[in-house]
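Novice: my questions are about this predicted structure, shown below with the sequence.
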Amino acid sequence: MNLDKAVFRMAGIMILISLLLAVVHSNYWLILTAFVGANMVQATFTAFCPAAKIFKLFGVKPGRMFD
């Protein structure tokens, strides 16, 4: 798995978990959904993603976007 796939996989999992928690527990979990979505949008403009930096520290091989 490369860095790009890891970042998008984690983002998708975070969105699905926050949606589930919003349905089951509290609508305030939708704030996490908005944060993840906003971070994905800003990463397309800046190519900076905190999750990518963390995955790099764990040795995930680079992809094409987050070098």
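Specialist: Done, it's in.

Novice: just checking, what packs against whichever strand or helix holds residue 5?
Specialist: For residue 5, the host element (DSSP states H and E) is helix 3-24. Where contact means 3 or more C-beta pairs under 8 Å, 6 or more residues apart in numbering; DSSP states H and E, helix 3-24 is packed against helix 30-46, helix 50-57. Where you see a C-beta, it was placed from the backbone N, CA and C, and this is true even at glycine.

Novice: is it correct that residue 51 is in contact with residue 9?
Specialist: No - applying C-beta atoms under 8 Å as the test, residue 51 and residue 9 come out as separate, 10.0 Å apart.

Novice: most tightly surrounded among the helices and strands packed on helix 3-24?
Specialist: helix 50-57 (a mean of 15; mean count of other C-beta atoms under 10 Å).

Novice: for that one, list the C-alpha coordinates in PDB.
Specialist: The C-alpha coordinates for helix 50-57 follow below in PDB (Å, rounded to 0.1, in the frame of the first residue of the first chain):
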ATOM      1  CA  PRO A  50      -1.000  15.800   8.500                       C
ATOM      2  CA  ALA A  51      -2.000  12.100   8.100                       C
ATOM      3  CA  ALA A  52       0.500  11.700   5.300                       C
ATOM      4  CA  LYS A  53       3.300  13.000   7.500                       C
ATOM      5  CA  ILE A  54       2.300  10.500  10.200                       C
ATOM      6  CA  PHE A  55       2.200   7.600   7.700                       C
ATOM      7  CA  LYS A  56       5.600   8.600   6.400                       C
ATOM      8  CA  LEU A  57       7.000   8.300   9.900                       C
END
